[in-house]
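Enquirer: Mind looking at a prediction? Sequence and model below.
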Amino acid sequence: MEIKKDILWRVYLCYIVVIGFCVFILVKAFIIQQVQGKYWESMSDSLHQKIESIDASRGTIYSANGQMLSTSIPQFDIYIDFGADGLRQKNGKRFRENVDSLSICLANLFKNKSAAEYKRILSTGYRERSRYFSLERKISFREYQELKKFPLVRQGRNKSGFIAEVKNIRLNPYQLLAYRTIGLDRENSQKVGLEQTYDTVLKGSTGKRLVRYIAGGVGVPVEDGNEIDPVNGRDIVTNLDTHIQEITEDALMKMMVGNEATNGCAIVMEVKTGKVRAIANLGRRPDGNYWEDYNYALTPTEPGSTFKLTTMLTLLDEHKIALNTPVNLEGGKWVINKRTVYDSEEHGKYQVTAKQALEMSSNVGMAKLTYDAFHNEPQVYVDHLKHLQLDKLTGIDLAGERHPLMYSPGSKNWSATTLPWMAFGYNLLISPLRTAMLYNAVANNGKMMQPYIVDAIQENGIEVQKFEPKVVMDSLSSSSTLRQVQECLYGVCNSPEGTGFTLLKGEPFKVAGKTGTALVANGKRGYADKVYQASFAGYFPAEDPQYTCVVVIVNRPHAAKFYGASVAGPVFKEIAERLYTLYVQPEQELKEDKRIIRKDTSNYKYEGYNADFRTVLNGFQTPYSDQGKDNFWVSFSRANDKMVATPLAIGNLKSMPDVTGLNLKDAIYICENAGLHVNAFGMGKVKEQSIKIGDPIAKGELIKLTLN
């Protein structure tokens, strides 16, 4: 018996311990679920939730004439949470009732799958309880708006499980047009052009949202009411004119393709302001096509003969020569310090003036004049180039401009032949834009303007910042020197001996400019491939300059046609001709006779309240013949090329007047004064009235007015 009691006691004890342990587990489970439930749920959420950034919509880049050059458009990725409570209520009744009609709508919208395929895909996702099922990606805003109207989807996110993730993509509507200047906004890649320069303005401020991560590491947005909305970026308005840019790009492209050139650029600046109206950069791709691949306009190169303007400015400003100073061209060949300077062609000429040497673009002439003047004081020559700011960046509001290169006397790169070679554009590097800036200053009577591309910054269509023209230098040189170099540039294009005379002969306007041809290095192969850079820099019309244009083209090795006048010159000519016809000539005609009044030949008829018409016409000082002075209502029309006001027969208010042709405000005024109630349909002016003209009317009667 004692043994039995001892065994039972032990069994009871174990039983009590087990029961107590079970009670403890139940109590603990109750406490965790009911008392500490919210705490542990928040702990779980904190391990699976994260604050993510929401990108703002990037601002738009506009041209000067209001065209979108670069803009952001939304794209949507559509997902479905098949575990959404609203979707699975009542054993999935909502899903089953809508899946067929939803599948048909999806098939009709996207047209990439049949309705049966969509139903199979949706049913599979529902059966597998996919929490972030990818339905469609990169759909447009229009498609997304249609999708929101579909069965099930229109019931909202909680009931349908549909989730839309929006991403903004950057679009350049004009593609090639100024593509490199406008720049690129690319994911995981460095921005360039205006997109880079004005990135902080365009990108706006990012927002914040809470995201819960589910299976597969996919983040699902959590609506907790604490989201921070992003602030959209501001827009920028450029000085680029799409018409001028297209003219420039087309002219450059034709020559590049025809001559199979390696790369080239063309710049158009407004003389008085420095506004860059066009900047084209084309490079040849391996497949032979051309694209705006690099900003050649901001890349320093040896300028060649267009630099002779700078040499002439320096010689004249330092009082070393006059335009009639004689110089011996020695037939086009001159040996200096065991090296030979050659003119581009064997012309066989000897004694000419300094002006003639520039007009015929003689390397020998410019080298000899410079060497004779400065070989004992080369620093004076270099200092004058620095005075012209050729050793500095242009300061254009475009990232990526590279520094020019200029040697100084006494440096390791300075040799006995550096000075004479600098005189005709070698042994230094400057960008085409810097050349344009210098020529523009000469055209602007010595006032050097800083080139700039962005005109204004806007927010929601309202201008918040305006960029004004900036003067870099009030006077490039003395007025006497300016007149003389202007005369030289005019002679290059209009003198029979000028290198641009044949090209520009017979134009209805005058050009002042300079051709240039430079032998440039071809990478590691040096100068062996005979690669020539052709250029033309100038302004027009010469007597009242409006535009400065610089064209620089690097030809292919051993090109048959490579001179500045025959490669870059025709591009300049086409740009100048079209700009003159479209912009300069009409403006000149307007200036010549501001009294020109063109007859209005259009037919028109306006009816309404006489006092309103008089206020508007008198405000604009528009002459008219008023034959209805004592009438409240008049009709304005054209008679014998004049605007004439005639009385409008409204009639007495006991019968229905004619209100056709009136705007809605005036028609309502007349009808309500007659005691009528008005129902109007449409917009514009009254086209039809439900009560016929002359019919008797009674107070409270309804009239329907149809507008056009």
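Expert: Received, thanks.

Enquirer: Tally up the residues packed near the nearest residue to Leu122 once chain neighbours are set aside, please.
Expert: Leaving aside its chain neighbours, Leu122 sits nearest to Val99 (5.6 Å; criterion: C-beta to C-beta, 6 or more residues apart in numbering). For every residue, glycine as well, the C-beta is placed using N, CA and C. Applying other C-beta atoms under 10 Å, we find 18 residues neighbouring Val99.

Enquirer: same thing with Met255?
Expert: So Met255, with other C-beta under 10 Å, has 23 neighbours.

Enquirer: would it count as being in a helix?
Expert: Yes - per DSSP: H, G, I helix; E, B strand; the rest coil, Met255 lies within a helix segment.

Enquirer: distance of it from Lys573?
Expert: As judged by C-beta to C-beta, to the nearest Å, Met255 and Lys573 stand 11 Å apart.

Enquirer: The residue nearest to Leu122 touches Arg120, doesn't it?
Expert: No - taking C-beta atoms under 8 Å as the definition, Val99 is not a contact partner of Arg120, at 10.1 Å.

Enquirer: quick one, domains of this structure?
Expert: 2-35, 51-238, 243-591, 605-707 (automatic domain parsing).

Enquirer: Any chance of a markdown table for the ones you listed, columns mean pLDDT?
Expert: As requested, these are exported to a markdown table (pLDDT from 0 to 100):
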| stretch | mean pLDDT |
| --- | --- |
| domain 2-35 | 73 |
| domain 51-238 | 80 |
| domain 243-591 | 93 |
| domain 605-707 | 75 |
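
Enquirer: winner for burial among those domains?
Expert: Among the domains of the chain, domain 243-591 has the highest mean neighbour count (mean count of other C-beta atoms under 10 Å), at a mean of 20.

Enquirer: Would you state the helices of the stretch 101-250 of the chain in chain order?
Expert: 115-127, 141-147, 157-160, 179-182, 193-197, 199-203, 242-259 (DSSP state H, counting those that start in this stretch).

Enquirer: do you know which of those helices lies nearest Ala441?
Expert: helix 242-259 (20.7 Å; C-beta to C-beta).

Enquirer: Just grab the bridge partners of Trp291 for me.
Expert: Going by DSSP bridges, Trp291 is paired in beta bridges with Gly283.

Enquirer: Pro570: which element?
Expert: helix 564-579 (DSSP states H and E).

Enquirer: Just give me how far that helix sits from the chain centre.
Expert: How far helix 564-579 lies from its chain's middle: 25 Å, per C-alpha atoms, centre = their mean, to the nearest Å.

Enquirer: what's the answer for stretch 175-186, then?
Expert: 8 Å.

Enquirer: which other residues reach that stretch?
Expert: Counting by C-beta atoms under 8 Å, 6 or more residues apart in numbering, stretch 175-186 makes contact with 58, 61, 69-70, 170, 172, 191-197, 202, 240, 242, 245-246, 249, 278-281, 291-295, 398, 453, all of which sit outside it.

Enquirer: is it true that Val464 touches Ile236?
Expert: No - with contact defined as C-beta under 8 Å, Val464 does not reach Ile236; the gap is 10.6 Å.

Enquirer: which neighbours do those two share?
Expert: 457-458.

Enquirer: Next up, the contacts around Ser344.
Expert: Neighbours of Ser344 in contact, by C-beta under 8 Å, 6+ apart: 361, 363, 517, 563.

Enquirer: and with 7 Å instead?
Expert: Ser344 makes contact with 361, 517 under the criterion C-beta atoms under 7 Å, 6 or more residues apart in numbering.

Enquirer: Relative to Trp291, how far out is it?
Expert: Applying C-beta to C-beta to Ser344 and Trp291 gives a distance of 31 Å.

Enquirer: sorry, back to before: so the residue nearest to Leu122, which of the three states?
Expert: helix.

Enquirer: who touches Met656 in this structure?
Expert: So Met656 contacts 691-695, 697 (C-beta under 7 Å, 6+ apart).

Enquirer: And for Asp397?
Expert: Counted by C-beta under 7 Å, 6+ apart, Asp397 has contacts 197, 452-454.

Enquirer: Could you do Gln533 as well?
Expert: Gln533 neighbours (C-beta under 7 Å, 6+ apart): 301, 304, 518, 520, 552, 554.

Enquirer: out of those residues, who's nearest Ser114?
Expert: Val554 (55.4 Å).

Enquirer: beta partners for that closest one?
Expert: With DSSP bridges as the rule, Val554 is bridged to Asn263, Gln533.

Enquirer: Hmm, it is touching Asn259, no?
Expert: No - in this structure, Val554 is not within contact of Asn259 by C-beta atoms under 7 Å, at 10.4 Å.

Enquirer: before we move on, what SS does the closest residue in space to Ser479 that isn't next to it in sequence have?
Expert: Nearest residue to Ser479, sequence neighbours excluded (C-beta to C-beta, 6+ apart): Gly446, at 7.1 Å. Under three-state DSSP, the three-state class of Gly446 is coil.

Enquirer: tell me the contacts of Gly446?
Expert: Contact partners of Gly446, counting by C-beta under 7 Å, 6+ apart, are 475-477, 482.

Enquirer: Bridged to Gln75, which residues?
Expert: Beta-bridge partners of Gln75, as defined by DSSP bridges: Lys167.

Enquirer: Not counting sequence-adjacent ones, nearest residue to Gly348?
Expert: Gly331 (5.2 Å).

Enquirer: In this structure the one you found contacts Glu345, no?
Expert: No - look at Gly331 against Glu345 with C-beta under 7 Å: they stay out of range, at 10.9 Å.

Enquirer: and the gap between the residue nearest to Ala518 when sequence neighbours are not counted and Arg96?
Expert: Sequence neighbours aside, Gly304 is the residue nearest to Ala518 in space, at 2.8 Å (criterion: C-beta to C-beta, 6+ apart). According to C-beta to C-beta, Gly304 stands 79 Å off from Arg96.

Enquirer: Output stretch 455-475 as CSV, restricted to C-alpha atoms.
Expert: Below are the C-alpha coordinates for stretch 455-475, written out as CSV (Å, rounded to 0.1, in the frame of the first residue of the first chain):
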residue,chain,number,x,y,z
ASP,A,455,16.4,83.0,-69.7
ALA,A,456,14.1,82.3,-66.7
ILE,A,457,13.0,79.9,-64.0
GLN,A,458,9.3,79.3,-63.5
GLU,A,459,7.2,77.7,-60.9
ASN,A,460,3.6,76.7,-61.8
GLY,A,461,3.8,78.9,-64.8
ILE,A,462,4.9,82.0,-62.8
GLU,A,463,8.3,83.5,-63.3
VAL,A,464,10.4,83.3,-60.1
GLN,A,465,13.8,84.3,-61.5
LYS,A,466,14.9,86.2,-64.6
PHE,A,467,18.4,86.2,-66.1
GLU,A,468,19.4,89.4,-67.7
PRO,A,469,22.2,89.9,-70.3
LYS,A,470,25.6,90.3,-68.6
VAL,A,471,28.4,92.6,-69.9
VAL,A,472,31.8,91.0,-69.4
MET,A,473,33.8,93.9,-70.9
ASP,A,474,32.5,97.3,-71.8
SER,A,475,35.1,97.9,-74.5
